[in-house]
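Colleague: mind folding the following:
(4 chains)
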Protein chains: 2
Amino acid sequence: MARAATTTDTFNAIAEPRRRQILDLLSNGERPVKDLVSATGLTQPQVSKHLRVLREVGAVSAREAGRQRLYRLDPLALKPVHDWVRDYARLWEDRFTELDAVLGELTAKEEDDGDGG
Amino acid sequence: MARAATTTDTFNAIAEPRRRQILDLLSNGERPVKDLVSATGLTQPQVSKHLRVLREVGAVSAREAGRQRLYRLDPLALKPVHDWVRDYARLWEDRFTELDAVLGELTAKEEDDGDGG
DNA sequence: TTGACACATGCTGATAACGGCATATATCGT
DNA sequence: ACGATATATGCCGTTATCAGCATGTGTCAA
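Modeller: Okay, the predicted model is just below:
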């Protein structure tokens, strides 16, 4: 078995930075593919493929408008990600964690130095 | 070029559900590898490899303790993920988004049906 | 109809993940 | 020293990504 497909879930889909960039662009509102192409500097097929992945995980949806397709953000698809990291956010927002991190570094250094004090 | 390495950043590292599971286990405190093996049901090499990835992105750190290594969560590594999804959370917490989603579905259906009203 | 435009899909090649298994390293107990 | 325990690493095979390029489908204009 290889790595899970990018279309398995939102976690895999947003691992690709270009896809996050596309979502960022869509958070400003509906946009046709061409706009995303010029904004990202990617080729049109690349953008379409990324959009396909995002569609399959439900992060975007498309609407036909003449010969173009307007893509729209579907933010609820990101909820599982947010829900998961939310618990961890408490840990560093505590400030104690940051302090712990610093102290941990110092302690580790002391141990490396032997009984240097 | 293939998919970005799992060690590229936290986004790629946490795409793998087993690694999220390991982080979840470590959020209860420091644990030796053996505990993670029994808790996850994975083989020991698998766990060690996942831990290596998590170490390389700075999500965990290890401390020597006799013949075992105690792994500790480093939650700050998850901050970029949280920061990124946080903006999107506002969108669905607005409730208007959910309403929009429903209305969008209806509108799309009407358009599919032609002027069915 | 012909052509231009907008978008999606198919194919190829290169890369690297992930699982499984074996094995190397280090520590503890006797 | 020897065996057992704890952990890390190496190799192999399968699989799916991602970039690039060509091509297919549908829409608008003349």
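Colleague: next, the contact list for residue A:58, please.
Modeller: A:10, A:74, A:76-77 (Cβ atoms under 8 Å, 6 or more residues apart in numbering or on different chains). All C-beta atoms are positioned from the backbone trio N, CA, C, and that covers glycine.
Colleague: if we use 6 Å, what do you get?
Modeller: Applying Cβ atoms under 6 Å, 6 or more residues apart in numbering or on different chains, we find residue A:58 in contact with A:74, A:77.
Colleague: can you read off the pLDDT for it?
Modeller: You'll see residue A:58 listed with a pLDDT of 96.
Colleague: near DNA strand D, which residues of chain A are found?
Modeller: A:1-3, A:5-7, A:15-16, A:18, A:43, A:45-46, A:49, A:53, A:66-67 (Cβ under 7 Å from any atom of the strand).
Colleague: for the residue nearest the centre of chain A, which non-adjacent residue is spatially closest?
Modeller: By Cα atoms, centre = their mean, the mean C-alpha position of chain A lies nearest to residue A:14, the distance being 4.0 Å. Distance criterion Cβ to Cβ, 6 or more residues apart in numbering or on different chains; nearest residue to residue A:14, sequence neighbours excluded, is residue A:20 at 5.4 Å.
Colleague: any idea how far the one you found lies from DNA strand D?
Modeller: Distance, residue A:20 to DNA strand D, using Cβ to the nearest atom of the strand, to the nearest Å: 11 Å.
Colleague: other residues contacting the strand or helix carrying that residue?
Modeller: Residue A:20 belongs to helix A:17-26 when assigned by DSSP states H and E. Contacts to helix A:17-26, defined as Cβ under 6 Å, 6+ apart, come from residues A:14, A:36, A:39-40, A:50, A:54, A:73.
Colleague: Three-state assignment for the one residue in chain A that gets nearest to DNA strand D, please.
Modeller: Closest contact between chain A and DNA strand D, by Cβ to the nearest atom of the strand, is at residue A:2 (2.8 Å). Secondary structure assignment for residue A:2 (DSSP: H, G, I helix; E, B strand; the rest coil): coil.
Colleague: could I get the phi/psi values of the residue nearest to the centre of chain A?
Modeller: Dihedral angles phi and psi of residue A:14 (degrees, to the nearest 10) take the values phi -90, psi 0.
Colleague: continuing past the helix or strand where residue A:38 lies, what's the next helix or strand?
Modeller: Assigned by DSSP H and E, residue A:38 belongs to helix A:33-40. Using DSSP H and E, the helix or strand that directly follows helix A:33-40 along the chain is helix A:44-56.
Colleague: which strands and helices lie in contact with that following helix?
Modeller: Applying 3 or more Cβ pairs under 6 Å, 6 or more residues apart in numbering or on different chains; DSSP states H and E, we find helix A:44-56 packed against helix A:17-26, helix A:33-40.
Colleague: how about those helices, which one is nearest DNA strand C?
Modeller: helix A:33-40 (3.1 Å).
Colleague: got the angle for the closest one vs helix A:44-56?
Modeller: If you take axes from the mean of the first three to the mean of the last three Cα atoms, to 10 degrees, helix A:33-40 sits at 110 degrees to helix A:44-56.
Colleague: hmm, helix A:33-40 in reach of DNA strand C?
Modeller: Yes: Helix A:33-40 lies within reach of DNA strand C by Cβ under 7 Å from any atom of the strand, at A:33-34, A:37.
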